[in-house]
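In: when you get a sec, could you give me coordinates for this:
(chains A, B, C, D and E, ligands or ions: 5)
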Amino acid sequence: MLTTAPAAIRPTSSLRAGRLLFVRDVLLAMRRWEHVADPLVFFVMVTTLFPLALSPQLSQLRDVAPGVLWVAALLSSLLAADSLLKSDSQDGTLEQYVLSGQPLTLLLLAKTAAHWILTGLPLVLISPLVAIALGAPTGALTTIMVGLALGTLTLSFLGAIGAALTIGLRRGSLLLSLLVMPLAMPLLIFGSRSAELAIAGESAAGPLYLLASLLVLAITLAPLTAAAAVRIGLD
Amino acid sequence: MLTTAPAAIRPTSSLRAGRLLFVRDVLLAMRRWEHVADPLVFFVMVTTLFPLALSPQLSQLRDVAPGVLWVAALLSSLLAADSLLKSDSQDGTLEQYVLSGQPLTLLLLAKTAAHWILTGLPLVLISPLVAIALGAPTGALTTIMVGLALGTLTLSFLGAIGAALTIGLRRGSLLLSLLVMPLAMPLLIFGSRSAELAIAGESAAGPLYLLASLLVLAITLAPLTAAAAVRIGLD
Amino acid sequence: MWTWFHKLASPPHFYRIAGKLTPWFGWTALLLIVAALYGGLVLAPPDYQQGDAFRIIYVHAPSAWMSLFIYVTMAVAAAIGLIWRMKLAHAVAASAAPVGASFTFAALVTGALWGQPMWGTWWVWDARLTSELILLFLYFGYMALRASIEDLQRADKASAVLAIVGVINVPIIHYSVIWWNTLHQASTVTKMGAPSISTSMLVPLLMMILGFNIYFFAVLLTRVRGEVLRRERNAGWIREGAQA
Amino acid sequence: MALTGTPILTAHQLHLWRGDRHVLRGVSLAVHRGEALHVWGPNGAGKTSLLRVICGLLPAEEGEVAWNGIPVREPESQYATALAYLAHDTALKGDLTALENLRFSVGLRRAVSDTELRAMLEDLQVEQCADLPCRVLSAGQRRRVALARVLLSRCALWVLDEPFTNLDAASSDLVAQALSGHLERGGLALIAAHQGLNLRGGAVTRLGLT
Amino acid sequence: MALTGTPILTAHQLHLWRGDRHVLRGVSLAVHRGEALHVWGPNGAGKTSLLRVICGLLPAEEGEVAWNGIPVREPESQYATALAYLAHDTALKGDLTALENLRFSVGLRRAVSDTELRAMLEDLQVEQCADLPCRVLSAGQRRRVALARVLLSRCALWVLDEPFTNLDAASSDLVAQALSGHLERGGLALIAAHQGLNLRGGAVTRLGLT
Ligand code: HEM
Ligand SMILES: Nc1ncnc2c1ncn2[C@@H]1O[C@H](COP(=O)(O)OP(=O)(O)OP(=O)(O)O)[C@@H](O)[C@H]1O
Ligand SMILES: Nc1ncnc2c1ncn2[C@@H]1O[C@H](COP(=O)(O)OP(=O)(O)OP(=O)(O)O)[C@@H](O)[C@H]1O
Ligand SMILES: [Mg+2]
Ligand SMILES: [Mg+2]
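Out: Ligands and ions are numbered 1, 2, ... in the order given. I've put the predicted structure just below:
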């Protein structure tokens, strides 16, 4: 077979390539289930740390609950973002993407999507429990979840940019946080604001719309930017 | 020279070996100054994120200041801890330590010390600024600094254990946090308590003594444990 | 005694003995629990101030107790495995962890369920509650570490180190939390349970705790047998067993 | 086999500086169908650098690379789809099995079936590693799995950086054999290696760097 | 050169399982002063594993390694100080220069002066890399710097895993030369390599793994 003439080949469509990458990343994560759990547990832990560091009256807790929730979400997304491209760039897989002839933007989009499914979504799903532990009323839960869903997804895309920019820097993780955090400020403000309103029992439509529009912006621009950054990072 | 007979050699004493390692690590960090800055800036960022996420009345801020300070310190120490052994284990240097004939415990002690100098100390030094920004009275600053100094040093040692346990595990960073955080809870509690007392203008001797005793415990036990873990981690 | 210990520690031997013991444990546990449930849910009178809500105690207190008991068991087994290089001990520790975690979880959930009627909230940052929660994290950490190392020997030893460090830390956590909590004014119902528990309530509770313990041993034995099979899969005695 | 027609891959007067070292000093090359260009030279001569420039992973300060006469600016799909690069490090995921790695890395370029993948692993005599995580594979086994990616890519141009590293004699022959097969099918190859290349089929031209 | 006296390094009936693969099946060996044991065999035969077991980095399930007749449990100082190991990967810090790397890694074992270090780098013909961060060095240059560590370690036992990887012909000779010098000084060596070892001085015994 090594020397036989090749049969006609069927090149891979970009979409198929994207799907392949998506599937592979999910598979890769499942190989080590605990890694999927990690950002989740981190989120839960940070939210547990706070009450420990504060005096444990529920009333006061409820005031800071939105802040705690969102800062925790922000941090764990940032940490997770670190792993988005690291292994790929370390073992040279990233070069292979660039050389694969597939649109890098699309590949990165797929990667980011997989990444959110694996790190952001679980966090959103657990948030009601955490919110209750922080003394939020049951009425506020849906708003909080929606807000976090929009926020974490946007964060994943921001994280992609940061990860792309820090390719090849050992110990990039903290540097990455530095790059992304400023971009994430608006998210944090609107997000915690929405949670605050929800807990106070008022309508949080305003901040949620703002979050949504930020998400749209991120989805359209981030993969392009990240792709460019990757190209730069390689040479 | 390749084939000439060797002159008599002067073997390296354990202490000298420790100093060598210490110096090398500091040098290595200086090569990438941004890494020294990383935990610091992360600390500052987290502490600035909070006021953003909360409604910024200073009174309320002052109540949560100790919590914010200490959670931020804890997190940035944990993140920094990830890099304590990672590069050494990736490029096979760690094996060389084990085979160097020098006491591994001592080498790890040196490494941890260097690590604290590079990641913990800057954080302690900047803390007064942050504390004031969070509305702490000037009277409380020394106590806060002492508390953070004791706490971060202990955290570095705990981090060493975590790092040693997660050698060579991909995406070890979050796993590490997961392992170390429960161990770090007491630090957080006593630490934030001391800051709280200081801000309230009372004596924080009690919690500080407890922190100190925890530190002693850590210094004596952690390097041994870490060394054992490293030996395990290599095969 | 010592020789007997070593004999037991040899996998094939243990496998056989455990196989024999399991059903006994299983049935006694079942009997005790059923009896305790009857005593607790039917015979015992409703609590004069909590009404029937107090009956959760029959699940809650035993699970909480087990959560602590199992962690210690796990750590001790791990230590034995590390010091005397006994594979079986590692197997025990490995099998104990998930059981302990689920008991901890049960304690948390039942506690929370109880908290709702009692304190009007699912969760308060009470000392005991918090340390229980942290205990859950310790279990998670142990399991996560074990799961992320595929080489068995290494996983055994590394997680053993963690378990031991953890058990040193448990009392520290416990007291730090209590201390932290009591520094503030008694925020909520810190002292748990009904005032003086009457014997008609106590006896079933004790039976329940005993039942849970025996149940734990039954589960542990079966799980360890599974572990042993997995670990010794290419050892001689299993092949023979398979042929036979 | 005579090298007829115009060269497919050409590079003209490439200059590359790394730090203050002038690594590539006006390197030109031309590769025809069925030709393997064997880049050799002492350590640090610039072989890897040259290969990376040709792949477009490293921009040369001067000179240009052309494919079918069309200058290549940065890896564009048309050129990239024709090129398979094997670097010093095998781009394998330690947590995925050899098969999963290939399923993905080959799949990125073309539709491929597991049977085909397994067949190739068998040809390279690493079938027993197909379902092991690459982390546990030996250096040479990893190298072979990485080579399988290239052999399966069906690309016109193979760019191999020291493909024989860590390989035992037997598998070195296998690779050489695969290579000559590729050339006989009209493929091109650019190979950095310290050992001499003696192929059954195909023409080998040597390019020395100093 | 005749192999006189009792062997210094011995291993008896080593058994090692990796996963469910029985990698080392009762390997025994004995190395005398001035002897180099050349471990060879196909990829995946277990050369690296054997070397790591000998170094005490990997515990063998059965069998034992003895140094001067004293069994070695885990790397104890007495044995470790007599042993220098070069793995598949060069334990170099990319951010430090070659000199700084050596200053540390050799310094861990014995007091060493920069002039001595530079002299060795010169002997290995990488003096121009002495002050470059290892990150930018070529594969072969990195390999040579890593070898310099071993050559300078003054250890009685050299354990080298494929020392010739990435090396050009010239430097392979240099290494071989250094090796025979080591043996003539009464040193021992354990070497995994696919190429044959032909040394001017010292005795070479071959140990085949399958
Ligand atoms: C999530 C909430 C709760 C958690 C995590 C929790 C945890 C615990 C723990 C750790 C113990 C100690 C078991 C032992 O030391 O043997 C315990 C015992 C107990 N708990 Fe809770 N608890 C919770 C809620 C409650 C509530 C709401 C009540 C009733 C008001 C309650 C009543 C008791 C009683 C009566 C005992 C047994 C007394 C003793 O043996 O110390 N618990 N619980
Ligand atoms: N920043 C820099 N400053 C100085 N010299 C550099 C720098 N970066 C790379 N070099 C030099 O450029 C050369 C890069 O060579 P390259 O890696 O292409 O060599 P190679 O031919 O692949 O060698 P090998 O056979 O060892 O793989 C090396 O000599 C290296 O020392
Ligand atoms: N967990 C595992 N399960 C199955 N096989 C394994 C496992 N870990 C290692 N192996 C096998 O054990 C062998 C390890 O071999 P080792 O790395 O010692 O080979 P080597 O002789 O150094 O090969 P090379 O010449 O390629 O370096 C490989 O065949 C590998 O496939
Ligand atoms: Mg090269
Ligand atoms: Mg090998």
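
In: buried ones in stretch A:228-235?
Out: Judged by neighbour count using 16 or more other C-beta atoms under 10 Å in any protein chain shown, the buried positions of stretch A:228-235 are A:Ala229, A:Val230, A:Arg231, A:Gly233, A:Leu234. In this view, the C-beta of every residue, glycine as well, is placed from N, C-alpha and C.

In: confirm that the first one sits in a helix.
Out: Which is A:Ala229. Yes: counting by DSSP: H, G, I helix; E, B strand; the rest coil, A:Ala229 is part of a helix.

In: wait, D:Leu152 sits on D:Glu116?
Out: Yes: here D:Leu152 reaches D:Glu116: they are 7.1 Å apart, a contact under C-beta atoms under 8 Å.

In: looking at the two, which is more packed in?
Out: The neighbour comparison of D:Leu152 against D:Glu116 (other C-beta atoms under 10 Å in any protein chain shown) goes to D:Leu152, with 23 against 15.

In: ok, now which ones touch the more buried one?
Out: Counting by C-beta atoms under 8 Å, 6 or more residues apart in numbering or on different chains, D:Leu152 touches D:Leu102, D:Val106, D:Val112, D:Glu116, D:Leu117, D:Met120.

In: show me which of those residues are buried.
Out: Neighbour-count burial (16+ other C-beta under 10 Å) is assigned, among these, to D:Leu102, D:Val106, D:Val112, D:Leu117, D:Met120.

In: which residue, other than its chain neighbours, is closest to the first one?
Out: Counting by C-beta to C-beta, 6 or more residues apart in numbering or on different chains, D:Leu102 lies nearest to D:Leu117, which is 4.8 Å off, once chain neighbours are set aside.

In: ranges for the strands of chain D?
Out: Assigned by DSSP state E, the strands in chain D fall at D:9-18, D:21-31, D:35-40, D:62-67, D:70-72, D:83-86, D:157-161, D:188-192, D:203-208.

In: which of those has the lowest average pLDDT?
Out: Ranked on mean pLDDT, the bottom entry among those is strand D:70-72, at a mean of 86.

In: is that one anywhere near chain A?
Out: No: under the criterion of C-beta under 8 Å from any C-beta of the partner chain, chain A is not reached by strand D:70-72; the shortest gap measures 11.9 Å.

In: about what we covered before: using CSV, lay out the contacts of D:Leu152 together with distance to ligand 3.
Out: Below are the contacts of D:Leu152 laid out as CSV (distance: C-beta to the nearest ligand atom, whole Å):
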residue, distance to ligand 3
D:Leu102, 16
D:Val106, 21
D:Val112, 23
D:Glu116, 22
D:Leu117, 18
D:Met120, 18
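
In: ligand 1 next: which of these are close?
Out: Checking the contacts of D:Leu152 against ligand 1 by C-beta under 6 Å from any ligand atom, not one of them is in range.

In: thinking again about what came up before, which one of the strands of chain D lies nearest to A:Ala204?
Out: Closest approach to A:Ala204 among these is made by strand D:83-86 (51.1 Å; C-beta to C-beta).

In: CA atoms of that closest one as PDB?
Out: Output of strand D:83-86 as PDB, limited to C-alpha atoms (Å, rounded to 0.1, in the frame of the first residue of the first chain):
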ATOM      1  CA  LEU D  83       1.600  20.700   1.300                       C
ATOM      2  CA  ALA D  84       2.200  18.300   4.200                       C
ATOM      3  CA  TYR D  85       4.700  19.300   6.800                       C
ATOM      4  CA  LEU D  86       6.400  17.100   9.400                       C
END
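
In: that older thread, wait, the residue nearest to D:Leu102 touches D:Phe104, no?
Out: No: between D:Leu117 and D:Phe104 there is no contact under C-beta under 8 Å: 10.6 Å.

In: is the residue in chain C that chain A sits nearest to in a helix, a strand, or coil?
Out: Using C-beta to the nearest C-beta, the single residue of chain C nearest to chain A is C:Trp125, 3.5 Å away. Following three-state DSSP, we place C:Trp125 in the coil state.

In: where does chain C dip in pLDDT?
Out: Applying pLDDT under 70 to chain C flags residues C:1-9, C:47-53, C:181-197, C:234-244.

In: run a quick neighbour tally on residue 205.
Out: You didn't say which chain, so I picked chain A. By other C-beta under 10 Å, 11 other residues sit near A:Ala205.

In: you looked at the wrong chain, it should be chain D
Out: When neighbours are counted by other C-beta under 10 Å, D:Thr205 registers 14.

In: contacting residues around it?
Out: For D:Thr205, the contact set (C-beta under 8 Å, 6+ apart) comprises D:Val31, D:Glu35, D:Ala36, D:Leu37, D:His38.

In: can you check D:Asn43 too?
Out: Applying C-beta under 8 Å, 6+ apart, the residues contacting D:Asn43 are E:Ser138, E:Ala139, E:Gly140, E:Gln141, E:Arg143, E:Arg144, E:Asn166, E:Leu167, E:Asp168, E:Ser171.

In: could you dump these to a markdown table with pLDDT?
Out: Below are the contacts of D:Asn43 laid out as a markdown table (pLDDT from 0 to 100):
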| residue | pLDDT |
| --- | --- |
| E:Ser138 | 94 |
| E:Ala139 | 92 |
| E:Gly140 | 94 |
| E:Gln141 | 95 |
| E:Arg143 | 94 |
| E:Arg144 | 95 |
| E:Asn166 | 92 |
| E:Leu167 | 93 |
| E:Asp168 | 92 |
| E:Ser171 | 91 |
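
In: quick check, nearest of these to D:Val72?
Out: Closest approach to D:Val72 among the contacts of D:Asn43 (C-beta to C-beta): E:Ser138, at 24.1 Å.

In: quick one: the closest residue to that closest one other than its chain neighbours and chain C, what's the gap?
Out: Take E:Ser138 and drop its neighbours on the chain: the residue closest to it by C-beta to C-beta, 6+ apart is D:Gly44, 4.3 Å away. D:Gly44 is 38 Å from chain C, where distance means C-beta to the nearest C-beta, to the nearest Å.
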